[in-house]
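Engineer: quick one, what's the 3D model for this:
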Amino acid sequence: MVEPLADAALTQFIAEFNAQPVPRPAEAGAAALRAASEERAAARPTGPKMHAVHDVAVPPDGVAARLYRPAEGPTALVVFLHGGGFVMGSVATHDRACRRLASASGASILSLDYRRAPEHPWPAAVDDAMATLRWIASRPPQLDPQPPVVAIAGDSAGGTVAALACIRARDEAEAAPELQVLIYANTDLMNSGASMQSEGHGFGLEVEDIEWFNAQWVPDPAMRGDPRVSPLYAPDLSELPAAIVITCEHDPLRDQGEAYAQRLRSAGVATTLRREPGMVHNFMLWDIISPACAAAADRVASDMRAALAATPGG
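Structural biologist: The predicted structure is shown next:
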């Protein structure tokens, strides 16, 4: 039995997860992982009703995205990048999470089906995120009424892509969002931090699986410490968007996420850092499983609402 987590339901869920004789991601492969994640998503109840939901194609390559509008009229817009180890996850797997995020934050959510590894390794996902930010900045009619504030957010691997897109937008001096929300993100593909060992086994995300996922996105081990794939190693983090960084007590990625938040603060970036006590990776998708996970996801939305409201134009 795992140690008590944020609530009894989560403790039981992780214990049952650990007892299942399922193949590791490296054994299952991308296709099976994707099919399983889509099947789990299809079994979840639909999230809160929206004022409008539209599927759109982001130029120039027609990347699929889904726009969730929680209310009529102009709202802040958050580009959301789903998790899934760079390999799985989709608009469909995060549909309920995005609906909940839109409803509780009051912001419209544009969920992006960015290209995934191993078919599309780095930099494809970051390129897709950048194309989306450029498209939003062009004020396309598909987004009318136009958002007064633009943010970018992501969970897990999606948080990695969001952080990298912010750095690229700054460096290329175009389409930078006003806020970045990094939810249990991987900021270091070299897997630094003591939590990789202390929290790396038995809490739903295993170190060996992280290593496999990272290798799908960045096949060359020598490149995984490159700041273009691991934002923790970026030499300069100044003049980046304000940040909300969420970590979990029992997540192997905890320490690297918190190290990134501290580096952002040291560079003068307004940064909110919160470690969710007793919590594990992936809570954004587990609101039905655990009331504590639902409450943690609601806190992310509350943080977003407050930060967007404090942004000029918000």
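
Engineer: quick one: low-confidence ranges for the stretch 201-314 of the chain?
Structural biologist: Applying pLDDT under 70 to the stretch 201-314 of the chain picks out no residues at all.

Engineer: now do the strands in it.
Structural biologist: Taking DSSP state E, counting those that start in this stretch to define them, one finds strands in the stretch 201-314 of the chain at 242-250, 271-280.

Engineer: pull up the pairing partners for the first one, direction included.
Structural biologist: Looking back up the chat, that one is strand 242-250. strand 179-183 (parallel), strand 271-280 (parallel) (DSSP bridges).

Engineer: could I get the pLDDT score of V2?
Structural biologist: With respect to pLDDT, V2 has a value of 62.

Engineer: residue contacts, L189?
Structural biologist: Remark: with contacts taken as C-beta atoms under 8 Å, 6 or more residues apart in numbering, L189 is in contact with N214, W217, V218, R224, G225, V229, S230. Where you see a C-beta, it was placed from the backbone N, CA and C, and this is true even at glycine.

Engineer: farthest-apart pair in those residues, please.
Structural biologist: Using C-beta to C-beta, the contacts of L189 span at most 13.8 Å, a distance reached by W217 and G225.

Engineer: looking at those two, which has the bigger crowd around it?
Structural biologist: For W217 versus G225, neighbours defined as other C-beta atoms under 10 Å are more numerous around W217 (25 against 15).

Engineer: from what I can see P118 touches N214, true?
Structural biologist: No. P118 sits out of contact with N214 when judged by C-beta atoms under 8 Å, with a separation of 11.4 Å.

Engineer: more neighbours, those two?
Structural biologist: It is N214, of P118 and N214, that has more neighbours when counted by other C-beta under 10 Å, with 24 against 14.

Engineer: which pLDDT value goes with the nearest residue to the more buried one once chain neighbours are set aside?
Structural biologist: Among residues not flanking N214 along the chain, L189 sits closest, at 4.6 Å (C-beta to C-beta, 6 or more residues apart in numbering). The model reports L189 with a pLDDT of 98.

Engineer: element containing L189, please.
Structural biologist: Here L189 sits in a region with no helix or strand, counting by DSSP states H and E.

Engineer: F86 versus that one, what's the distance?
Structural biologist: Counting by C-beta to C-beta, to the nearest Å, the gap from L189 to F86 is 10 Å.

Engineer: what do these two both touch?
Structural biologist: Listed as contacting both L189 and F86 by C-beta under 8 Å, 6+ apart are N214, W217.

Engineer: one step back: what's the closest of the strands of the stretch 201-314 of the chain to V63?
Structural biologist: strand 242-250 (24.6 Å).
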